[in-house]
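*Asks:* Got a predicted structure plus its sequence, pasted below:
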2 protein chains.
Amino acid sequence: MNRLLKLINESNEIAIIAHVNPDGDSVSSILALGLALRKVNKQVVTILNDSLPKKLFFLPAKEHLTVFDVKKHSKFDICFVLDCGSKSRVKNGEKLFEVSKTIVNIDHHISNENFGDINIVDLDASSTSEIIYNVLENDLEIPIDRDIATCLHTGLMSDTGNFTYINTTSRTYYIASKLLEHGVDIEDISYHLYQNKSLNSIKLLGNVLESIDFYLDKRLAIISFTDKQLSKYNASYLDTSGMIDYARDISGVEVAITLYEFEKNKVKVSARSKKRFDVNYLTNQFGGGGHKKAAGAIIFSSLKEAKEKLVASVEKSFR
Amino acid sequence: MNRLLKLINESNEIAIIAHVNPDGDSVSSILALGLALRKVNKQVVTILNDSLPKKLFFLPAKEHLTVFDVKKHSKFDICFVLDCGSKSRVKNGEKLFEVSKTIVNIDHHISNENFGDINIVDLDASSTSEIIYNVLENDLEIPIDRDIATCLHTGLMSDTGNFTYINTTSRTYYIASKLLEHGVDIEDISYHLYQNKSLNSIKLLGNVLESIDFYLDKRLAIISFTDKQLSKYNASYLDTSGMIDYARDISGVEVAITLYEFEKNKVKVSARSKKRFDVNYLTNQFGGGGHKKAAGAIIFSSLKEAKEKLVASVEKSFR
């Protein structure tokens, strides 16, 4: 990747952005890369055009995150696009790409369209954070410090389900081992990611678990979130994050789906599978995608119709 | 630890046992050590005087587990006692210890009483499985194979909450990285440990989450399991395993306790904490113990009285 090092050496103004609907891996990756490039005296703008999920407020350097503003950010030598399968997954990306000379695409999604001028797409990496570690260590040789390590470790934990998903490799653990040598406080990360749930979200979970629907011999579980249910617990759709795993983890269930009609006739679909079922293939049929075991889509129809389409589609795959 | 190697070289008949109420780390440790010692042609008896939790049925060599029977097992050169703070935590251990020439105590609990003839007690180890890895690698030089690695990895995952508890160190991740090189199928382990829950246990969880009690400014959360509630979901106390974490993970909660009156005036107490609170100290006051963030006890009183005593005791610690 000497091409990358050469490019960075010749550049000064650098933007870093990731996909819409920020998650632990995407935010951690942009913050970590931003911190690293600042260490070698680059002018870095880490862009987040969404609001930061509350559980990620603890991340070092989160105060560096800023919304893209074409008046302030009129020109970049490089725009790093992290954890994004395609340019369309970048929120308000058009102007940013226009003012950026070179696009560097760093990602681990199978759906990646190699849209960059430089593409570092590693499908064997657990997470974009894992690739950033490799890039810093092997290509850029920028020393990792405690803050960078804290971000990268958060990314690893987030995208591997705490090292339990199949994307976790010997290399992933090796990197985690190295990151801990830099003083990562794993208890603090766990506290913020997992041990700081609102009482309402726990009660909402209780309610949700008692109302899972089953189809196709209980091989498919569907949770439909309603605004009525959410408002009862003073919760938002964001608070439902992770609840799908409970449906997936039931014995006999092969696919779990959550549905949420966020606007009339716009249904947000999340899908998770275990063992062999491919939810990337499933959501592709509705214009979405992701990974084999975790993917999403938006279906433009009523909730009822979306559910029927999904059940029919899963049934076909079961045959 | 040449003393251990020497002892093993001079021995033939070896028993391996762990604590009552088997968990992922204790069972994995005895199976892994048993497999390793069989590889160097020892006569090994891996003893489990309880029934094996269903989620651990997938472990390699589980068919080696056997109940201690003084008629069959009349003499051992060594008895390895794993993951046990004291001899009293071994179920039906008296006769076994009587017929064993040398006791080797391998453990990571702070409460360990060094009751063995040889004591390998490492308080910095995440789990007994971690110590077994070290012993095999450094002291006994017995090569690790896929089955041994699968057991040890299961032990690591179980005792570290998937590498999220504070006991997780750089070394823990390093060992995990090495174990994966032996072909551990992490997806399969996750499937059995986490993705194979009964529908009833998920519905029971839903019910439990809606009925958590709070005390002391919501800094203490208590869940009382009742037989009525369990039978409604056709569940047993074993099915409640892990539910305490939901109470602990609520924002503001510092200590979570579950109570279950398993016999009249015998209340099983589990306690978990986050950040600073020490539940080992808390349960010590009731004759129990464990770790700083995870401990248990049995209180000989009614459920109501046990609850009052615990609330009072936690309140004192908060002062």
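*Replies:* That came in fine, so what should we check first?
*Asks:* Helices of the stretch 151-300 of chain A, start to end?
*Replies:* Secondary structure of the stretch 151-300 of chain A (DSSP state H, counting those that start in this stretch): helices located at A:170-180, A:186-194, A:199-209, A:227-232, A:244-248, A:279-284.
*Asks:* Report the contact partners of the nearest residue to A:G24 once chain neighbours are set aside.
*Replies:* What sits nearest to A:G24 in space, not counting adjacent residues and going by C-beta to C-beta, 6 or more residues apart in numbering or on different chains, is A:S158, at 2.5 Å. For the C-beta atoms, the positions are set from N, CA and C on the backbone; glycine is no exception. Going by C-beta atoms under 8 Å, 6 or more residues apart in numbering or on different chains, A:S158 touches A:23-25, A:28, A:127, A:193.
*Asks:* The same query, at a cut-off of 7 Å, please.
*Replies:* A:23-25 (C-beta atoms under 7 Å, 6 or more residues apart in numbering or on different chains).
*Asks:* So what's the residue count around A:N119?
*Replies:* The local packing of A:N119 (other C-beta atoms under 10 Å in any protein chain shown) involves 15 other residues.
*Asks:* which one of the helices of the stretch 151-300 of chain A lies closest to B:N2?
*Replies:* helix A:170-180 (27.6 Å; C-beta to C-beta).
*Asks:* The closest one: how far from the chain's middle?
*Replies:* 20 Å (C-alpha atoms, centre = their mean, to the nearest Å).
*Asks:* A strand includes A:T46, no?
*Replies:* Yes: assessed by DSSP: H, G, I helix; E, B strand; the rest coil, A:T46 belongs to a strand.
*Asks:* Excluding sequence neighbours, find me the nearest residue to it.
*Replies:* A:G34 (4.1 Å).
*Asks:* and chain A, which of its residues are near chain B?
*Replies:* Residues of chain A lying near chain B by C-beta under 7 Å from any C-beta of the partner chain: A:162-164, A:166, A:168-170, A:173-174, A:176-177, A:180-181, A:186-187, A:190-191, A:194-199, A:202-203, A:205-207, A:209-210, A:246, A:248-251, A:274-275.
*Asks:* Apply the buried test to these and list what passes.
*Replies:* Buried subset of the residues of chain A next to chain B (neighbour count, 16 or more other C-beta atoms under 10 Å in any protein chain shown): A:162-164, A:166, A:168-170, A:173-174, A:176-177, A:180, A:186-187, A:190-191, A:194-199, A:202-203, A:205-206, A:209, A:246, A:248-250, A:274.
*Asks:* Could you pull out the strands in chain A for me?
*Replies:* Assigned by DSSP state E, chain A shows strands spanning A:13-18, A:43-47, A:65-66, A:76-82, A:100-107, A:118-121, A:213-215, A:220-225, A:255-263, A:266-273, A:289-290, A:294-299.
*Asks:* Nearest to B:V44 among those strands would be which one?
*Replies:* So among the strands of chain A, strand A:266-273 is nearest, using C-beta to C-beta, at 39.4 Å.
*Asks:* wouldn't the residue nearest to A:T46 be in contact with A:Q43 here?
*Replies:* No: if you go by C-beta atoms under 7 Å, A:G34 and A:Q43 don't touch, sitting 10.8 Å apart.
*Asks:* Between those two, tell me which one has more neighbours.
*Replies:* Taking neighbours as other C-beta under 10 Å, A:G34 and A:Q43 compare with A:G34 leading, 24 against 13.
*Asks:* thinking again about what came up before, format the strands of chain A as CSV; extra columns: mean pLDDT.
*Replies:* What follows is the strands of chain A, written out as CSV (pLDDT from 0 to 100):
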stretch, mean pLDDT
strand A:13-18, 98
strand A:43-47, 97
strand A:65-66, 97
strand A:76-82, 98
strand A:100-107, 98
strand A:118-121, 97
strand A:213-215, 96
strand A:220-225, 96
strand A:255-263, 96
strand A:266-273, 96
strand A:289-290, 86
strand A:294-299, 95
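*Asks:* can those strands go into TSV with extra columns for distance to B:I132?
*Replies:* Shown next, in TSV, are the strands of chain A (distance: least, C-beta to C-beta, whole Å):
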stretch	distance to B:I132
strand A:13-18	41
strand A:43-47	44
strand A:65-66	44
strand A:76-82	39
strand A:100-107	39
strand A:118-121	39
strand A:213-215	41
strand A:220-225	38
strand A:255-263	36
strand A:266-273	33
strand A:289-290	38
strand A:294-299	33
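*Asks:* Tell me which of the ones you listed lies nearest to B:T258.
*Replies:* strand A:220-225 (26.0 Å).
*Asks:* Can you spell out which helices and strands pack onto the closest one?
*Replies:* strand A:213-215, helix A:244-248, strand A:255-263, helix A:303-318 (3 or more C-beta pairs under 7 Å, 6 or more residues apart in numbering or on different chains; DSSP states H and E).
*Asks:* Who does the shortest one pair with, and is each partner parallel or antiparallel?
*Replies:* Paired strands of strand A:213-215, with direction, are strand A:220-225 (antiparallel) (DSSP bridges).
*Asks:* Pretty sure A:Y133 sits against A:Y174.
*Replies:* No: the pair A:Y133 / A:Y174 is not scored as a contact, 9.8 Å apart, by C-beta under 7 Å.
*Asks:* Contacts only, for A:L96.
*Replies:* A:15, A:17, A:68, A:79 are the contacts of A:L96 under C-beta under 7 Å, 6+ apart.
*Asks:* now those as TSV including distance to A:E308?
*Replies:* Putting the contacts of A:L96 into TSV (distance: C-beta to C-beta, whole Å) gives the following:
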residue	distance to A:E308
A:A15	43
A:I17	37
A:F68	39
A:C79	41
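*Asks:* The worst-scoring helix or strand of chain A on mean pLDDT - contacts with which helices or strands?
*Replies:* Least confident helix or strand, chain A: strand A:289-290 with a mean of 86, by mean pLDDT, DSSP states H and E. Using 3+ C-beta pairs under 7 Å, 6+ apart, the elements in contact with strand A:289-290 are helix A:279-284.
*Asks:* list the buried ones in the helix it packs on?
*Replies:* In helix A:279-284, counting by 16+ other C-beta under 10 Å, buried: A:279-280, A:282-283.
*Asks:* Could you do stretch A:59-78 as well?
*Replies:* A:59-61, A:64-65, A:68, A:73, A:76-78.
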